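Visitor: Need the 3D shape of this:
(2 chains)
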Amino acid sequence: MTNLHLLYPEIALSLLALSLLVVELFVAPRHNRLLYHLGWMVSMVVLCIVGFTISEGASSQGVGTLWSVDPMSQFFKLLILVTTVLCLLLGLEYKPLEGGHAGSFVCLLLLSSAGMMFLVSSVDLLMTFLSLELISLTSFVLTGFERANPKSNEGAIKYFLFGAFSSAVMAYGISLFYGATGTTRLVGLSHTGGTLFLLGVLFILLGFCFKAAIAPMHFWVPDAYEGAPTPVTAYLSLAPKIATLGALLRLFGILVPASVLELTTLLAVLSGLTMTIGNLTAFFQENVKRLLAYSSVAQAGYILIGIVSESTLGLEGVLLYSFVYVAMNLGAFAVAQVIADDSRRSYKGDPYGLESFNGLAQRSLGLALAMTFFLLSLAGIPPMAGFMGKFYIFSSAIQSGHYFLAALGVLNSVASAYYYMRIAFHMFFKPAATLEAPAAGPYVTGGLALAAAAVLLFGFYPEPLVASVQASAQYLP
Amino acid sequence: MNILSLITFIPLLGALIVLLAPKEKERLIQGVSLASSGVSLLLSAYLYFVFDRTSPGMQFVERLPWIPSMNIHYALGVDGLSFPLVLLTTLMTLLSLIGSLGIKERVKEYFFWFLLLEVGMIGVFEALDFVLFYVFWELTLVPMYFLIGIWGGPQKEYAAIKFFLYTLFGSVFMLLAILAVYFNSSPHTFDMMALMNAHGAWSPRFQILVFIGFYLAFAIKVPAFPFHTWLPLAHVEAPTAVSVVLAAILLKMGVYGIMRVSYSMLPLGFAWFLPILVVIAVVNIVYGALCAMAQADMKKMVAYSSINHMGYSLLAIAGLTATGFSGAVLEMVNHGIITGALFLLVGVIYDRAHTRDLSAFGGLATRLPVYAGMMSLAAFASLGLPGLAGFVSEFLCFLGAFPRWKLHTALSVLGILTTAAFFLRMIEKVFLGPANARWAGLEDMNLRELAATAPLAVLMIVLGIWPRWALDLMNATMIHMAGLFK
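Guide: Okay, the predicted model is just below:
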């Protein structure tokens, strides 16, 4: 029995994305925004389709078991689509992108999302590799989309070189894996030791580390994030990271569990390294995009703790944290975009410099408070939703006896509070150059309000989120 | 809605109204702030009359499921330990807000953060669920950061971030400790009352580890030596009213935590730490007093005297007697009232003279008789003059600690001596001697300043002459708590 119908959402998204390329031919350049609107509507439609499959409660595996559709994968797909919608809303009002090629931009973004949806469902290394490539190739182009901006080009090239390298390593790892086990399927993997197998798994892990920007494979992050158009930066810091971590969770939390291969220590080391390096480097950043780039490296480290703990609680923690992370990180980038768009007009220096946040509290208290909420949430300070995420993640670490990792995690949270509060410092403590409120368009404001509401609501009353996460933490073996 | 929820969240309502108000309407903002914290005070004053003084347990308990999937509850309640502190909090916040009416800059933000701070402070003393406790505990952090950082003195930014990181550092270890007790209780629970009976199954090693986690958070807040280094800076840089709540209430959260959690929940850990705790208490008392003696800045002097006075509370707790516990709680209340008044009064002179240097003044008693009277009253109360509030609680502290720690208590008396020395020196330098002509134009206290300090002065006298009305509140709980230790 073919189970192609399980992939209808992905197929629909890919087809609609491609059709946008055709539509672009018939849309005059001055009506570019129409394409963005079409883009987010398409994502919404697919979002609804995925939502329906969840309400049906169906979970099954596809032909030859290349893919699994279960509540866990659907949760990640929803999250990816929500991110896509919100990033397209940001894109609608991102000034430097108003030039043209809107159709290709939206199409690439949607194709990338489709790749991520494949990725989180994949239970076969071939499928994993293909979807990772789809994500990577589209992301390279998206990063370099601001063609007039040298930084954008630089970021794209760096991203591409690192990406090509890690793809090769991963492909090599998969071939070793195949050599050791005779299959690329991960379902029902029986015990297979040996150097070949171990080496294969390590190389595959390295490939994942690249995509999720886990140390020591994070070096491409700051340049790519700084150069990419801000909506793309927001997108890159969220969707691929979450999708890859979701795939990592499936692979090393479920399909290759500790009983087959003991990777816990290695993953714990990676997690500790990622948090610490991300946070310590973020200390010295003077550019908000770079600061948030390093912060997102650190955030991946926290999520990894949940994978390390290999328990139901850890799994739920990963889902919960991913959800919260989308809201808070997207919110922070949205504010950064508003500020940068504003300061590009009046201010001589780097529009993303911390200085451009000076005195925001006096210019627009609402915007400054929203940003403060996002930053506090990222730092994991209650009553923001980020606290609930960290609470869950650290609970799972304590439960499974990773006391040292938990202690490292909380110490990192304290350290991260320092640089997050640096932005608050500029917003509240520095005098403003002008008292005029920065102009924010309706779509950015809408996205911002949504993110702020999520951060506050799920901080004060996380029950609905916790309940749905617990329902989503079910997977097919 | 339960009355405790009202007390806690009416300031939040006020904060939201302030946030929505246009920033030009300063009168409205000030009015809403005073009204909301005033209602909070009235409600807690009402509780004073209906509070059952014979029951050692929790009263006015409210318990609702908050995050049922994780067995987390929204649970509030007060007993003889927490209720006096809730009263203190609502009173001191209102008086500080009155004291803040002179703030001219960014009024809206100031009152917003201040009311948010009040929510956190009240909540900490009332929370009966660890997650809720932690949320309230951290809720005090952010408003404080902004209050110090925006309206503070010359080094305000540094003081704000130092306070923030220092406190956060402590509290994240408390979070780990909370999670550890959660996973080692069966059934898993965050209910503080249930966890108080769960320690029977915990090994000494576990209790000691968890104790250290909690102690880090509490000791930083107290602040207990050697974690006191954030305090002088934060106090000196903070605006007057913020110093008041910092000294009067935030420090109490630490001592409250030690009594509520460390002592009641982890008896073996506490017993292990007891000999160290008493030494820390003595160091706090003597070292704090000596440091205060060495200060030329009045505000810094009062800040160090807080370290000294918190030492009395710690010493009394280490005594493990009902008398000592009552002394510790009464000392917290009295220190809140007295030091609150002292900070307000230092603020009064700073607003006029723009200096707090002790040696810059002289003979002010002739210029500012009311001010001199108030300041002397507060100083005498603080140094423990019989007849005023400080004496009663310090006496109880020593009385409670003496049976168990004779040598330590004897050493601590040195602290009292030093306290008397530096306060008398301050009175002499500032108010007595030849009048310094430089301050000829200074005006005496105005109505707003009197409104903020007079209630405190009355309380100092009332609590000094007739402390029973306060002690009766805590007695039953303290006797029960003293019986816990075997």
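
Visitor: What residues sit buried inside the helix or strand hosting B:A410?
Guide: B:A410 belongs to helix B:406-431 when assigned by DSSP states H and E. Buried residues in helix B:406-431, counted by 16 or more other CB atoms under 10 Å in any protein chain shown: B:408-409, B:411-412, B:415-416, B:418-420, B:422-423, B:426-427, B:429-431. Bear in mind the C-beta positions are built from the backbone N, C-alpha and C, glycine included.

Visitor: Could you do stretch B:320-328 as well?
Guide: B:320-328.

Visitor: Then stretch B:6-21?
Guide: Residues B:7-15, B:17-19, B:21 are the ones in stretch B:6-21 that count as buried (16+ other CB under 10 Å).

Visitor: Can you name the two of those that sit furthest apart?
Guide: Across those, no pair lies farther apart than B:I7 and B:A21, at 22.8 Å, counting by CB to CB.

Visitor: Chain A: which of the buried residues of stretch B:6-21 is nearest?
Guide: Taking CB to the nearest CB as the measure, chain A lies nearest B:L19 of the buried residues of stretch B:6-21, at 7.9 Å.

Visitor: any idea how far the closest residue in space to that closest one that isn't next to it in sequence is from B:F164?
Guide: Nearest-residue entry for B:L19: B:F112, 5.4 Å, with adjacent residues in sequence omitted and distances by CB to CB, 6 or more residues apart in numbering or on different chains. Relative to B:F164, B:F112 is positioned 18 Å away (CB to CB, to the nearest Å).

Visitor: and B:W469, how many residues sit next to it?
Guide: 11 (other CB atoms under 10 Å in any protein chain shown).

Visitor: Need the pLDDT of it.
Guide: With respect to pLDDT, B:W469 scores 88.

Visitor: Which positions in the helix or strand encompassing it come out as buried?
Guide: Using DSSP H and E, B:W469 sits in helix B:468-482. Across helix B:468-482, burial judged by 16+ other CB under 10 Å covers B:470-471, B:473-482.

Visitor: residue contacts, the nearest residue to B:P467 once chain neighbours are set aside?
Guide: Spatial nearest neighbour of B:P467, chain neighbours left out: B:V392 (4.5 Å); criterion: CB to CB, 6+ apart. Counting by CB atoms under 8 Å, 6 or more residues apart in numbering or on different chains, B:V392 touches B:330, B:334, B:463-464, B:467.

Visitor: again, but for A:G173
Guide: Going by CB under 8 Å, 6+ apart, A:G173 touches A:199-207.

Visitor: before we move on, what about A:G39?
Guide: A:20, A:88, A:106, A:109-110.

Visitor: need those in TSV with neighbour count and secondary structure, can you?
Guide: Below are these laid out as TSV (neighbours: other CB atoms under 10 Å in any protein chain shown; DSSP: H, G, I helix; E, B strand; the rest coil):
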residue	neighbour count	secondary structure
A:L20	24	helix
A:L88	27	helix
A:V106	27	helix
A:L109	29	helix
A:L110	26	helix
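
Visitor: Need the max-distance pair from those.
Guide: Farthest apart among the contacts of A:G39 - using CB to CB - are A:L20 and A:L88, which lie 11.3 Å from each other.

Visitor: Pull up the overlap in contacts between these two.
Guide: Common neighbours of A:L20 and A:L88 (CB under 8 Å, 6+ apart) are A:39, A:106.

Visitor: so who does the residue of the stretch 251-400 of chain B found nearest chain A touch?
Guide: Relative to chain A, the nearest point of the stretch 251-400 of chain B is B:M253 (15.1 Å; CB to the nearest CB). B:M253 sits next to B:121, B:124-125, B:137, B:140, B:218, B:221 when contact means CB under 8 Å, 6+ apart.

Visitor: what's the closest of those to chain A?
Guide: Using CB to the nearest CB, the contacts of B:M253 come closest to chain A at B:W137, 8.4 Å.

Visitor: Count the residues that sit near the residue lying closest to the closest one once chain neighbours are set aside.
Guide: Spatial nearest neighbour of B:W137, chain neighbours left out: B:V124 (5.4 Å); criterion: CB to CB, 6+ apart. By other CB under 10 Å, 30 other residues sit near B:V124.

Visitor: Show the pLDDT at B:V124.
Guide: So B:V124 comes in at 94 (pLDDT).

Visitor: just checking, what packs against the helix or strand containing A:I277?
Guide: Assigned by DSSP H and E, A:I277 belongs to helix A:264-282. Packing contacts for helix A:264-282, counted by 3 or more CB pairs under 8 Å, 6 or more residues apart in numbering or on different chains; DSSP states H and E, involve helix A:288-309, helix A:403-428.

Visitor: Most tightly packed of these?
Guide: Of these, the one with the most neighbours on average (mean count of other CB atoms under 10 Å in any protein chain shown) is helix A:288-309, at a mean of 27.

Visitor: then that helix to CSV, C-alphas only?
Guide: Provided in CSV are the C-alpha atoms of helix A:288-309 (Å, rounded to 0.1, in the frame of the first residue of the first chain):
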residue,chain,number,x,y,z
VAL,A,288,22.3,43.1,17.1
LYS,A,289,22.1,40.6,14.3
ARG,A,290,25.5,39.0,15.2
LEU,A,291,24.5,39.1,18.9
LEU,A,292,21.3,37.3,18.1
ALA,A,293,23.2,34.9,15.9
TYR,A,294,25.4,33.8,18.7
SER,A,295,22.5,33.8,21.0
SER,A,296,20.7,31.4,18.7
VAL,A,297,23.8,29.1,18.8
ALA,A,298,23.5,29.1,22.5
GLN,A,299,19.8,28.4,22.4
ALA,A,300,20.4,25.3,20.3
GLY,A,301,22.7,24.1,23.1
TYR,A,302,19.8,24.4,25.6
ILE,A,303,17.5,22.4,23.2
LEU,A,304,20.2,19.7,22.9
ILE,A,305,20.0,19.1,26.7
GLY,A,306,16.5,17.8,26.1
ILE,A,307,17.9,15.4,23.5
VAL,A,308,20.7,14.3,25.8
SER,A,309,18.3,13.4,28.6
